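A.B. asks: Pasting the sequence and the predicted model now:
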Amino acid sequence: MARKTVEQMAVNNIETPEGDPDVEQSMEFFLYFPTEWDAHVTKSCLMNLQFDTSVHYSESSDSWLCLAKKEIKPTKDRLLELKNFFDRLATAKNGSYDGWGTTVRDNE
């Protein structure tokens, strides 16, 4: 299944009874860059926006991953806003935004 389809299904599930968009969740955002420098410049920008960030070399993609984490309320609108922001941020440094992930919490 295409990544965009999977991501849209995940966004749709956030605002269903199984997900609660009013509760902050730890979200991870994946940005890839051709150089370590570009990844670190992006890391600095995201740290200023209160994201926990790290940079790692990804052998599987032969590029540098800038992983950004933040506790947010993941509404559809907020995730779309962040997607557009990360797309612009990554593109400005010859990189690419590769989506987001979250940990499923058991409320029991």
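C.D. replies: Structure's in. What do you need? For clarity, every value in this text was computed on a predicted model and none was experimentally measured.
A.B. asks: Tell me who's in contact with the residue nearest the centre of the chain.
C.D. replies: The residue lying closest to the centre of the chain (CA atoms, centre = their mean) is F29, at 1.6 Å. Residues near F29 by CB atoms under 8 Å, 6 or more residues apart in numbering: F51, L67, A68, K69, K70, L82, F86, Y97, G99, W100. C-beta coordinates here come from the backbone N, C-alpha and C atoms, glycine included.
A.B. asks: do that again at 10 Å, thanks
C.D. replies: 46, 51, 53, 66-70, 72, 79, 82-83, 85-86, 89-90, 97-101 (CB atoms under 10 Å, 6 or more residues apart in numbering).
A.B. asks: what ranges do the helices span in the protein?
C.D. replies: 3-14, 36-48, 76-92 (DSSP state H).
A.B. asks: Tell me which of these sits nearest to D62.
C.D. replies: Across the helices of the chain, D62 has its closest neighbour in helix 36-48 (12.4 Å, CB to CB).
A.B. asks: Quick check: buried residues in the closest one?
C.D. replies: D38, A39, V41, T42, K43, C45, L46 (16 or more other CB atoms under 10 Å).
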